[in-house]
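Peer 1: Have a look; sequence and predicted model below, questions after that.
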Amino acid sequence: MKPPKQAVRTPIPDRYMPLPPGDRWLLKEEVLSMLYMSDRTLQRWRSEGIIPYSKIGNKIWYRLSDVEKTLVSRMV
């Protein structure tokens, strides 16, 4: 009988940085309701590089701090 396989743990890459205190991940739907904008406008902002995002599977995530920075940078 073979011994059970040991789980291989990979170290967290150096580039991994946890979110600072007070920051959190927001779903696309949360950002849409915060900014009172349409899905298409947010999609355009993503494609034009106006707002950074992460995509995991079919979910799109935004950092609260990135949403706030984007708003400040677009103030008139």
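Peer 2: Good, I have the coordinates.
Peer 1: CA atoms for contacts and neighbours, from now on please.
Peer 2: Fine.
Peer 1: Residue 42 against residue 32, yeah?
Peer 2: Yes - applying CA atoms under 8 Å as the test, residue 42 and residue 32 come out as touching, 7.4 Å apart.
Peer 1: which ones are touching residue 49?
Peer 2: The neighbourhood of residue 49, defined by CA atoms under 8 Å, 6 or more residues apart in numbering, contains no residues.
Peer 1: now swap in residue 65 and tell me
Peer 2: Neighbours of residue 65 in contact, by CA under 8 Å, 6+ apart: 23, 24.
Peer 1: Can you classify it by secondary structure?
Peer 2: Residue 65 carries the three-state label helix when classified by DSSP: H, G, I helix; E, B strand; the rest coil.
Peer 1: Then residue 23?
Peer 2: When classified by three-state DSSP, residue 23 comes out as coil.
Peer 1: pLDDT value on it, please?
Peer 2: Confidence at residue 23, expressed as pLDDT, is 87.
Peer 1: Wait, it touches residue 64, no?
Peer 2: Yes - at 5.8 Å, residue 23 counts as touching residue 64 under the criterion of CA under 8 Å.
Peer 1: Now do the strands in the protein.
Peer 2: Ranges of strands in the chain, per DSSP state E, are 25-27, 54-56, 59-63.
Peer 1: so what strands line up beside the lowest-mean-pLDDT helix or strand in the chain?
Peer 2: Using mean pLDDT, DSSP states H and E, the weakest-scoring helix or strand in the chain turns out to be strand 54-56, at a mean of 88. Strand 54-56 has the following strand partners under DSSP bridges: strand 59-63 (antiparallel).
Peer 1: Enumerate the positions of the strand it pairs with that are buried.
Peer 2: Buried positions in strand 59-63, judged by neighbour count with 16 or more other CA atoms under 10 Å: 61, 62, 63.
Peer 1: next one: stretch 67-76
Peer 2: Buried-residue list, stretch 67-76, by 16+ other CA under 10 Å: residue 67.
Peer 1: contact partners of it?
Peer 2: The set of residues external to stretch 67-76 that reach it, using CA under 8 Å, 6+ apart, is 31, 50, 51.
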